[in-house]
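> no sequence for this one, just the structure:
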């Protein structure tokens, strides 16, 4: 279903429910991630044995309120870019079959105060384009290749 | 077609080409708009008689390099939010039938340096959800109702 995301808890809980439907894998490609409820959902999936991979932006991952450190400490694999441009995607892929993407950064400010959209797409052609982009980024940001700015 | 947007001119010219296909209307809902080439395309459509409506964010529209003033001076209708949260959408609807949406703000920095995605969707269900959101925002941001923060 196409769902422009209204502000508030209802949209957040719908998003959380989609994430929690993951059984095998969750691939996250997120510019900014500071929303504790969403971090909790991701941690829960990790504890359930779902393979979670997270790609994020090097300049935003250390900002006040970022959940990236917490997720790393929980044992979740995180990779980040190594250049000054932003890794500006904001998408998630559940079980390699459901794409969740839009304008929404996973921050409390965005969820509570902004006008945002989130699309949930199960069309294989779209999912594949984003899954391919995820795999490209995952390899490109392999820490074995870090060089930095 | 689903197309994660690579950096560089090719993706920009593909985007411009989609926009220039408009014959009747172009509805723009853009958090940040500083890319001169895209502004040029929008102005061209306006001169051709395409009905252009633009919604943007009040806190970003006055930033250095913003194209909003130029588009207003060209006679294009622009409306903006009246609250402190961001109008964070980044989408365009061509002739009420083609939705262009993603992570990409219409800025030179984003186009040249960031990792971004842009989806082009012609599925009526998705287009309608965004068209409805556009019409809601367009009415909500009617200057006759401005109150400010």
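Sure thing, it's come through. Treat the numbers as computed from the prediction; the structure is a model and nothing was measured.
> what's near enough to touch the closest residue to residue A:113 other than its chain neighbours?
Distances taken as C-beta to C-beta, 6 or more residues apart in numbering or on different chains place residue B:85 nearest to residue A:113, at 3.2 Å, with adjacent residues excluded. Yep, even glycine has a C-beta here, placed from its N, CA and C like the rest. Neighbouring residues of residue B:85 by C-beta atoms under 8 Å, 6 or more residues apart in numbering or on different chains: A:7, A:109, A:112, A:113, A:114, A:115.
> can you check residue A:58 too?
A:80, A:81, A:82, A:87.
> of the residues you listed, which fall within the contact range of chain B?
A:81, A:87 (C-beta under 8 Å from any C-beta of the partner chain).
> lowest-confidence one in the contacts of residue A:58?
On pLDDT alone, residue A:82 ranks lowest of the contacts of residue A:58, at 85.
> was I right about that one contacting residue A:137?
No - contact criterion C-beta atoms under 8 Å: residue A:82 and residue A:137 do not qualify, at 11.3 Å.
> those two: which has the busier surroundings?
residue A:137 (20 against 16; other C-beta atoms under 10 Å in any protein chain shown).
> phi and psi next, for the residue nearest the centre of chain A.
Nearest to the geometric centre of chain A sits residue A:28, at 3.3 Å (C-alpha atoms, centre = their mean). Main-chain torsions, residue A:28, degrees, to the nearest 10: phi -120, psi 130.
> who's in contact with it?
Taking C-beta under 8 Å, 6+ apart, one finds A:42, A:52, A:53, A:54, A:55, A:56, A:91, A:92 in contact with residue A:28.
> as a markdown table, the residues you listed with secondary structure and neighbour count would be great.
Below are the contacts of residue A:28 laid out as a markdown table (DSSP: H, G, I helix; E, B strand; the rest coil; neighbours: other C-beta atoms under 10 Å in any protein chain shown):
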| residue | secondary structure | neighbour count |
| --- | --- | --- |
| A:42 | helix | 27 |
| A:52 | strand | 22 |
| A:53 | strand | 17 |
| A:54 | strand | 24 |
| A:55 | strand | 24 |
| A:56 | strand | 25 |
| A:91 | strand | 26 |
| A:92 | strand | 26 |
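> strands of chain A, residue ranges please.
Taking DSSP state E, the strands of chain A run over residues A:2-3, A:25-30, A:51-56, A:77-80, A:90-94, A:98-102, A:118-121.
> can I get those in TSV with distance to residue A:38?
What follows is these, written out as TSV (distance: least, C-beta to C-beta, whole Å):
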stretch	distance to residue A:38
strand A:2-3	16
strand A:25-30	9
strand A:51-56	11
strand A:77-80	15
strand A:90-94	9
strand A:98-102	11
strand A:118-121	12
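> ranking these by burial, who's on top?
Of all those, strand A:90-94 has the most neighbours on average by mean count of other C-beta atoms under 10 Å in any protein chain shown, namely a mean of 25.
> who does that one touch, helix- and strand-wise?
Contacts defined by 3 or more C-beta pairs under 8 Å, 6 or more residues apart in numbering or on different chains; DSSP states H and E place strand A:90-94 against helix A:9-20, strand A:25-30, strand A:98-102, helix A:124-140.
> of those, which is nearest residue B:47?
With C-beta to C-beta, the closest approach to residue B:47 among the helices and strands packed on strand A:90-94 belongs to strand A:98-102: 31.9 Å.
> outside of the closest one itself, list whatever touches it.
The contact list for strand A:98-102, computed with C-beta under 8 Å, 6+ apart, reads A:5, A:15, A:18-19, A:21, A:89-94, A:116-122, A:126-127, A:130, B:101-103, B:117, B:119.
> so what's the nearest residue to residue A:89 once chain neighbours are set aside up against?
Once flanking residues are discounted, residue A:89 sits nearest to residue A:29: 4.3 Å by C-beta to C-beta, 6+ apart. Neighbouring residues of residue A:29 by C-beta under 8 Å, 6+ apart: A:54, A:55, A:56, A:87, A:89, A:90, A:91, A:92, A:130, A:133, A:134, A:137.
> what does chain A put close to chain B?
A:1-4, A:7, A:31, A:81, A:83-91, A:101-104, A:109-110, A:112-117, A:119, A:125-126, A:128-130, A:132-133, A:137.
> please name the nearest non-neighbouring residue to residue A:50.
Excluding the flanking residues, the one nearest residue A:50 by C-beta to C-beta, 6+ apart is residue A:22, at 4.9 Å.
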